[in-house]
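Participant: Using only what follows, build the 3D model:
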Amino acid sequence: MIGKGNWFTEVMEDEGMAFSLRVREKLHEERTAFQHIEVYETEAWGRLLVIDGCVMLTSRDNFVYHEMMSHPALFTHPDPRRVAIIGGGDCGMLREVLKHPGVESVVQVDIDAGVTRAAERYFPELTESNDDPRASLLFDDGVAWIENQPTGSLDLVIVDSTDPVGVAEGLFGPAFLGQVHRVLGEQGLMVQQSESPILHRDTILARLHGHMRQSGYARVVTLQYPVVSYPSGWWSATVASKGPHPADFRDQDARHKPFATHYYNADIHRAALAAPEFCKGLFTDQ
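Facilitator: Numbers count the residues shown, from 1 in each chain. Got it, this is the predicted structure:
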């Protein structure tokens, strides 16, 4: 919503709050078969991607989300080679995963090609790894795609989805989580963006933890990190593992990673596992 003074505002009625960025101009708008996509040039936050009226990312702070949804899980698995990204149409997650030289293949499955086409045009820094020979981009239903994968065929599944409504609702349900558990190898992990701890602890986080445990994962742990442009500015990723605990990650590999990051490092990884008092017993694997 653009209001007086060229402010884009995302209104969160249920939470009684709103978030605004001053914009210079609208660069792109389209309605695909699945959603409404907009791209704006902002005054101070670079470019802004909006889907169905909700902020998806800005040029200025998207690195925190993309790094924390990828590197903690990749450094937790002992040898991640086969990765799938469900969603992630802006391709920032794909770029981060492909920074790991041991990764042999990454399949990105997003239902809407419109998001990727918009990212290629307006966020080229996020799509710079799309031509990597290890990458495959599919535009399909991620739920159906997972159901058709062989048992034990993946090491890591990253669910980079929008909020659990509409086309993304099924990605948070027990049927999908159970299928992911099936396709993961014996040391496999999945990571799911799990919204804001302060806004969605009981409505989304607690339910997701329950569904993951019911699906058979040995360990379920939530990591927290800031994303200024997301509701409340406090976000989370929940890791479900069939094997290693995210606290037992490859610390030395993370400390001597052969690539640059803006936010993630070994100390941030460990710190992100700390649980605030009101989330103890939920964030932690107890």
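
Participant: and residue 73, that's in a helix?
Facilitator: Yes: counting by DSSP: H, G, I helix; E, B strand; the rest coil, residue 73 is part of a helix.

Participant: Tell me how many other residues surround it.
Facilitator: 28 (other CB atoms under 10 Å). Where C-beta positions appear, they are placed from N, C-alpha and C, glycine not excepted.

Participant: For it, which non-adjacent residue is spatially closest?
Facilitator: residue 191 (4.5 Å; CB to CB, 6 or more residues apart in numbering).

Participant: List phi and psi for that neighbour.
Facilitator: Backbone torsions for residue 191, taken as degrees, to the nearest 10, come to phi -130, psi 130.

Participant: show me what contacts it?
Facilitator: Each residue near residue 191 by CB atoms under 8 Å, 6 or more residues apart in numbering is listed here: 69, 70, 72, 73, 156, 157, 158, 159, 237, 238, 239, 240.

Participant: For residue 220, see how far away it is.
Facilitator: As judged by CB to CB, to the nearest Å, residue 191 and residue 220 stand 11 Å apart.

Participant: In terms of pLDDT, where does the residue nearest to residue 73 sit?
Facilitator: Here the pLDDT value assigned to residue 191 is 97.

Participant: same question, residue 170
Facilitator: 71.

Participant: Now do it against residue 161, distance only.
Facilitator: 9 Å.

Participant: what about residue 229, how many neighbours?
Facilitator: Residue 229 - counted by other CB under 10 Å - has 21 other residues nearby.

Participant: residue contacts, it?
Facilitator: 19, 21, 45, 48, 55, 57, 58, 60, 61.

Participant: wait, the third one sits on residue 60?
Facilitator: Okay, so that is residue 45. Yes: assessed by CB atoms under 8 Å, residue 45 is found in contact with residue 60 at 4.4 Å.

Participant: Residue 170 and residue 161: which is more packed in?
Facilitator: Legend: neighbour count by other CB under 10 Å for residue 170 and residue 161, higher for residue 161 (21 against 15).

Participant: Mind pulling the model confidence for that one?
Facilitator: 85.

Participant: OK, contacts around it?
Facilitator: 86, 87, 168, 171, 172, 192, 193.

Participant: What is the burial count for residue 204?
Facilitator: Neighbours of residue 204 (other CB under 10 Å): 21.

Participant: which residue packs closest to it, ignoring adjacent ones?
Facilitator: residue 195 (4.7 Å).

Participant: in which helix or strand would I find that neighbour?
Facilitator: Using DSSP states H and E, residue 195 maps to neither a helix nor a strand.

Participant: any shared contact partners between residue 191 and residue 220?
Facilitator: Common neighbours of residue 191 and residue 220 (CB under 8 Å, 6+ apart) are 238, 239, 240.

Participant: what about the stretch 101-250 of the chain, any weak spots by pLDDT?
Facilitator: Counting by pLDDT under 70, the stretch 101-250 of the chain contains low-confidence ranges at 162-169.

Participant: Swap in 80 and give it another go.
Facilitator: Per-residue confidence for the stretch 101-250 of the chain (pLDDT under 80) gives these ranges: 162-172.

Participant: Quick check: can you list the domain ranges of the protein?
Facilitator: 2-58, 62-279 (automatic domain parsing).

Participant: what about the shortest one, start to end distance?
Facilitator: If I follow you right, that is domain 2-58. With CA to CA, to the nearest Å applied, domain 2-58 spans 16 Å between its terminal residues.

Participant: repeat for the longest one
Facilitator: End-to-end distance for domain 62-279: 25 Å, by CA to CA.

Participant: Ok, stretch 209-223 next?
Facilitator: 12 Å.

Participant: how much distance is there from stretch 66-75 to the middle of the chain?
Facilitator: Chain-centre distance of stretch 66-75: 9 Å, with CA atoms, centre = their mean, to the nearest Å.

Participant: tell me how far the ends of it are from each other?
Facilitator: By CA to CA, one end of stretch 66-75 lies 14 Å from the other end.
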